[in-house]
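Engineer: Sequence plus predicted model, see below.
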Amino acid sequence: MAEYFSTSNFEVSVEGLQSKQFSEVEGLRVSIENLPYQEGAMHLQQTKKGRTRFDDLVLRRRFDGDKEFIGWLQECSQKKVLKRSGSIILKDDDQKEVLRFNFTGAWPVAWKAPSFTTKPNENEIGMEEIVLSVETLEMA
């Protein structure tokens, strides 16, 4: 019988960084290009495998002033790109690992600060967003 997992109990681990708590992860997607071609005088179109593509990972968390990710982004923009490996680790109710998505060759391509407002009754918690480009992604 298949076992189903909740997607609300997870942590993000990135090599060399301490931050693990994120409230949202998007972009766990792999696709393979479908290249059409035609052989000789055949009228039938066939397809072959093209490049494998990995979507960017989008990580969101409460903004607490932590400078790890913006520091990494600034370092990549001013110097050589520092690529890291990492994992998104899905856990059960007892905090035991049940599934893992490993990625390699990750580096930050975007960072978004929270919006600020002086509107009354707008006491929302600020969220920051980090976008990582990845070279590989696998479910382990």
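Structural biologist: Cool, the structure landed. Numbering: from 1, shown residues only.
Engineer: Report the secondary structure state of Phe69.
Structural biologist: helix (DSSP: H, G, I helix; E, B strand; the rest coil).
Engineer: check contacts around it.
Structural biologist: Neighbouring residues of Phe69 by CB atoms under 8 Å, 6 or more residues apart in numbering: 17, 19, 108, 111, 128, 130. Using the backbone N, CA and C atoms, a C-beta is placed for each residue, glycine as well.
Engineer: Bridge partners for the fourth one, pull those for me.
Structural biologist: Here Trp111 shows beta-bridge partners Ile130, assigned using DSSP bridges.
Engineer: give me every residue that touches it.
Structural biologist: Counting by CB under 8 Å, 6+ apart, Trp111 makes contact with 69-70, 73, 128-131.
Engineer: tally of neighbours for Thr104?
Structural biologist: 15 (other CB atoms under 10 Å).
Engineer: my bad, Leu17
Structural biologist: Neighbours of Leu17 (other CB under 10 Å): 15.
Engineer: same check, this time on the one 5 residues further on
Structural biologist: For Phe22, the tally of surrounding residues (other CB under 10 Å) stands at 18.
Engineer: and if you look at Lys83?
Structural biologist: The burial count for Lys83: 15, using other CB under 10 Å.
Engineer: That one and Trp72, how far apart?
Structural biologist: From Lys83 over to Trp72 the distance is 10 Å, taken as CB to CB, to the nearest Å.
Engineer: before we move on, what about Glu11?
Structural biologist: 18 Å.
Engineer: of these two, who's got more company?
Structural biologist: Trp72 (22 against 16).
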